[in-house]
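Peer 1: sequence below, structure please.
(2 chains)
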Amino acid sequence: MTTFATTTTDSTLIVRPNGRLDLVAAPELREIVAKSIAGGVVNVVVDLADVDFLDSSGLGALVTGLKSTRQAGGNLRIASATEQALIVLDLTMMQQVLFPYPSVEAALEAP
Amino acid sequence: MSVVVMHVRAELPGDESSLDSMHQLFATLWDGAPAVTTRDRVLFSLAVAEIAANVIEHVLPMYREWALDLTAWDDHLEASIRHPGPVVERGLSDWAMPGEDAESGRGLALAAAASSLHYSHSADPEGSEWRVVHQLLS
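Peer 2: Sure thing, here's the model as predicted:
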């Protein structure tokens, strides 16, 4: 079962899923981001370091989060993608939209 | 002539919990076929998982089980995904990669984009089958 650890740093929510980000876990990520926006934290970094399998459903949840944070005046960034996640981003041609930052720190510091 | 390196099979329940079993089956397959590269593992498991998710989402609400066969040959990887009843056409039409702002609909396109994969689906009196074949380059 996938777990989600969350911390808030400098008005940015950092979400760290552990396990698979797939058909089963995607709804929880959507919910976490939606609650964050509702609470006024509109910048989100999703740390993918411990995601051992990303599928199209997980990618869809990241796109949902990207759109909803931007609509609220913020942004969603991804960091520390594994080789598997990078292959998914490449095959779906989503690396321009969801740029994979090498670390959470890099994602936080990016302009 | 191709030689079987490892074969695993499981009968799985028709709900999302079966995805855990599917990934455990992948792990067993790779344990028995350590020469398969990480990229080949990723591409093959991604294609199989997307097809399985499609079956779970569109087919299994009507049925309660499916079967997964995974075989590592010395020159290719092969999967058979079988379920009762006919192939359900709904959900099989979206093979094109949707736009970058799409929040769903990438599953089959992603499976097809994982190179060297081929799919076929057929119906017989015992059910329907998807086959995924991934040629190993090395």
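
Peer 1: hey, let's count contacts and neighbours off CA atoms from now on
Peer 2: Noted.

Peer 1: got the confidence number for the residue nearest to A:Asp22 when sequence neighbours are not counted?
Peer 2: Among residues not flanking A:Asp22 along the chain, A:Gly58 sits closest, at 4.7 Å (Cα to Cα, 6 or more residues apart in numbering or on different chains). A:Gly58 carries a pLDDT value of 97.

Peer 1: what stretches of chain A score poorly on pLDDT?
Peer 2: Across chain A, nothing is flagged by pLDDT under 70.

Peer 1: ok, the top strand by length along it: who's next to it in the sheet?
Peer 2: Using DSSP state E, we find that the single longest strand of chain A is strand A:12-21. Partner strands and pairing direction for strand A:12-21 (DSSP bridges) are strand A:3-9 (antiparallel), strand A:43-47 (parallel), strand A:51-54 (parallel).

Peer 1: the nearest residue to A:Met94 once chain neighbours are set aside: what's it in contact with?
Peer 2: If the residues on either side of it in the chain are set aside, A:Met94 comes closest to B:Glu100, at 6.6 Å by Cα to Cα, 6+ apart. Applying Cα atoms under 8 Å, 6 or more residues apart in numbering or on different chains, we find B:Glu100 in contact with A:Met93, A:Met94, A:Val97.

Peer 1: secondary structure class for the second one?
Peer 2: When you say that, I think you mean A:Met94. coil (DSSP: H, G, I helix; E, B strand; the rest coil).

Peer 1: now do the phi/psi pair for it.
Peer 2: phi -110, psi 10 (degrees, to the nearest 10).

Peer 1: that one: how many residues sit nearby?
Peer 2: 18 (other Cα atoms under 10 Å in any protein chain shown).

Peer 1: again with the first one
Peer 2: Residues lying near A:Met93 (other Cα under 10 Å) number 15.

Peer 1: where's it relative to chain B, distance?
Peer 2: 8 Å (Cα to the nearest Cα, to the nearest Å).

Peer 1: list the contacts of that residue.
Peer 2: Here A:Met93 is in contact with B:Glu100 (criterion: Cα under 8 Å, 6+ apart).
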